[in-house]
Each structure stands twice: as C-alpha cells, then as structure tokens.
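Novice: sequence below, structure please.
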Amino acid sequence: MKKLYAIAWLIVCGLTFTSCQSETSCKPDATATRNPEQTKSNVVYLHDIVTKNDNAQSQFNSVLKENQLVLVDYYASWCDPCKRMSPVIDTVAKQFPNVVFLKVDVDQFSNVATGIRSIPVLRLFKNGKQVYSQPGGKSQREITSLIKKYA
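Specialist: So this is what the prediction gives:
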C-alpha cells in the first residue's frame, strides 16, 4: 500500500517512470529543469545548441573558443542543489551580459562532463582555458566575486 501511495505522489508531483534498456533509448527530458521563456541570451543550455548531426563535444569547445569568459554549470535534472543553483546563475547572468553561462546536463552529455564526480560543479574558462573548478552550490556573491576576479 505504501508503494501505491508513493507512486501516486510521484504522479501528482509530475514525475514519471521510464524504463531504459540502453543509453541511447532513453534520453532525459531536456526541458525538465527550465522554462525556455526564462532563458537569458547569455545563459546557454548545451542541448539547445546541439542538433542531431552535431557533436556535443565540438559545440562545447566552440562555445569556449568563441567567448572570452564562460562559466560552465554541470547539473542534472534530478539534483536538488542543482535546481537551487539555476535561479542564482540566472540572476548573476543579468549582471554580466558579456559572460556566457553554459549549462551542461551530465546525464545527457557525459562525454562533455568528464571528470565530474559530484554535482553541481562550476568551471570557469577564460580564453578557452579552465581557470577554476569547484563542486557544490555557490551563492550569488561567490559567483559574482569569481567572475570579477577573472574578468
């Protein structure tokens, strides 16, 4: 009976169950953690710029090469600390329109999220080179200070 209540609660909360036989047959819902209308122009989701013919790694590298300062937020749609970081990053992005904030879903793009052992992780790239990497949630003040240090 407890399982029935748990399943009902998950359905009411909007969660779904999926069964995946292989990595390619089950992809996470790309819109699970955001509302597209809320996305700012300098906040870029990797799954929004990768098409079926594109290679995620090459698109990732392209964003790093084409922009002087890129803050990469590695997240997962099921991660509560990651969900709490999202509005913080959106707020900071408004303060720094010249910085690109790239969001990478580690479940969807594991090949891009190499070396990630826990999430969320923020990595800052300046002129294509990584200058900062730290796991765990950060406050608006911490992220602002980090960007100012390398800007």
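Novice: check contacts around Ser145.
Specialist: By C-beta atoms under 8 Å, 6 or more residues apart in numbering, Ser145 lies in contact with nothing. Glycine gets a C-beta too; all of them are placed from N, C-alpha and C.
Novice: give me the element it is part of.
Specialist: When elements are assigned from DSSP states H and E, Ser145 belongs to helix 140-150.
Novice: let me see the mean pLDDT of that helix.
Specialist: In this model, helix 140-150 has a mean pLDDT of 96.
Novice: buried set for it?
Specialist: For helix 140-150, the neighbour count (16 or more other C-beta atoms under 10 Å) marks Ile143, Thr144, Leu146, Ile147 as buried.
Novice: with stretch 109-116 instead?
Specialist: Phe109, Val112, Ala113, Ile116.
Novice: do stretch 96-107 as well
Specialist: Buried-residue list, stretch 96-107, by 16+ other C-beta under 10 Å: Phe96, Val99, Val100, Phe101, Leu102, Lys103, Val104, Asp105, Val106, Asp107.
Novice: now the first one, nearest residue through space, not along the chain?
Specialist: Ranked by C-beta to C-beta, 6 or more residues apart in numbering and with sequence neighbours excluded, the top spatial neighbour of Phe96 is Ile147, at 5.6 Å.
Novice: surely that neighbour touches Leu71?
Specialist: Yes: here Ile147 reaches Leu71: they are 6.8 Å apart, a contact under C-beta atoms under 8 Å.
Novice: mind listing the shared neighbours of those two?
Specialist: By C-beta under 8 Å, 6+ apart, the residues touching both Ile147 and Leu71 are Val99, Leu124.
Novice: which element follows the helix or strand containing Gln59 toward the C-terminus?
Specialist: Here Gln59 sits within helix 56-66, counting by DSSP H and E. Once helix 56-66 ends, the next helix or strand along the chain (criterion: DSSP H and E) is strand 69-75.
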